[in-house]
Structures are given as structure tokens and as C-alpha cells.
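A.B. asks: what would the 3D arrangement of this be:
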Amino acid sequence: QVQLVESGGGLVQAGGSLRLSCTASGRTFETYGAGWFRQAPGKEREFVAGSRWNGGSTHYADSVKGRFTISRDNAGNTVYLQMNSLNPDDTAVYYCTAGPPVGSWYRADYWGQGTQVTVST
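C.D. replies: Model (predicted):
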């Protein structure tokens, strides 16, 4: 079993930056894929960014490409999401996910409780 705990959310002005962190416990997740989803009010949950276990392969939603960067510290069981040039459309609850590799990606078996990101104009 893996427990994921996110941190780093908050209120930021448009154009600003935040870094989200997600720390895993319960087992080492160095062989797991990990990533981030988000859910805005009244909208469906959507994929934001993800990383294979070794960080060598990353994918991003088109809406965040060039602004967000996912990285991971396997020794620290932590995955990060650096978010730059934030705009109000990025306002959402952000969820960390992790899971075992499946094919060239991973299966999101585990989810954190979410952290709120609010971008003001």
C-alpha cells in the first residue's frame, strides 16, 4: 500500500509560480510511475503531467506545456510539480497519483487527498 501526501498549494497571483510536492510512504516507489491530475469546480478531473519511474519519460497536458515541469526524487520518495506563469484557468484541486508500470506508462492505483491551487487575477 502506498500513501501519498501533497503539499505546496495556495493562493497566487496570475503570472506567479508554485511548486507542489507529493511524498509517498508505505513502500518505496522508485519503480512506480507518478503524476498529477487536477479538478476545477464544475469540471471533470483532468491529466496534468506524469513521469515514468526513472523520470526519463514525461508527458504533459497541452494546456500546461512549457509552463509546468514534473520532476522526482526517488531517494526521497517525492514527486514535484513546478508551475510557472500561472493563470486563473489553473485554479483547481491538484491530485498526486502513483502506481506500477504498465506498458510504457503507469497505472494510477494510488491518489493523494489533493491540494488547492487558486490563481487570482
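A.B. asks: would you mind measuring from the most centrally placed residue in the chain to residue 121?
C.D. replies: Among the residues of the chain, the one closest to the centroid is residue 36, at 2.6 Å (C-alpha atoms, centre = their mean). Per C-beta to C-beta, to the nearest Å, residue 36 is found 23 Å from residue 121. All C-beta spots, glycine's among them, are computed from the backbone N, C-alpha and C.
A.B. asks: that older thread, tell me the pLDDT at the residue nearest to the centre of the chain?
C.D. replies: Per-residue pLDDT puts residue 36 at 97.
A.B. asks: neighbours around residue 94, how many?
C.D. replies: Counted with other C-beta atoms under 10 Å, the neighbours of residue 94 add up to 23.
A.B. asks: beta partners for it?
C.D. replies: With DSSP bridges as the criterion, residue 94 is bridged to residue 38, residue 115.
A.B. asks: enumerate every residue touching it.
C.D. replies: Neighbouring residues of residue 94 by C-beta atoms under 8 Å, 6 or more residues apart in numbering: 6, 9, 20, 36-38, 48, 81, 114-117.
A.B. asks: one more pass at 7 Å, please.
C.D. replies: Counting by C-beta atoms under 7 Å, 6 or more residues apart in numbering, residue 94 touches 6, 9, 20, 36, 38, 114-115, 117.
A.B. asks: name the member of those residues with the most neighbours.
C.D. replies: residue 36 (27 neighbours).
A.B. asks: list phi and psi for it.
C.D. replies: Residue 36 adopts backbone torsions of phi -130, psi 140, taken as degrees, to the nearest 10.
A.B. asks: what's near enough to touch it?
C.D. replies: Residues in contact with residue 36 (C-beta under 7 Å, 6+ apart) are 48-49, 70, 81, 94-96.
A.B. asks: what of residue 99?
C.D. replies: 32-33, 106-110 are the contacts of residue 99 under C-beta under 7 Å, 6+ apart.
A.B. asks: also residue 12?
C.D. replies: Residue 12 touches 18, 86, 119, counting by C-beta under 7 Å, 6+ apart.
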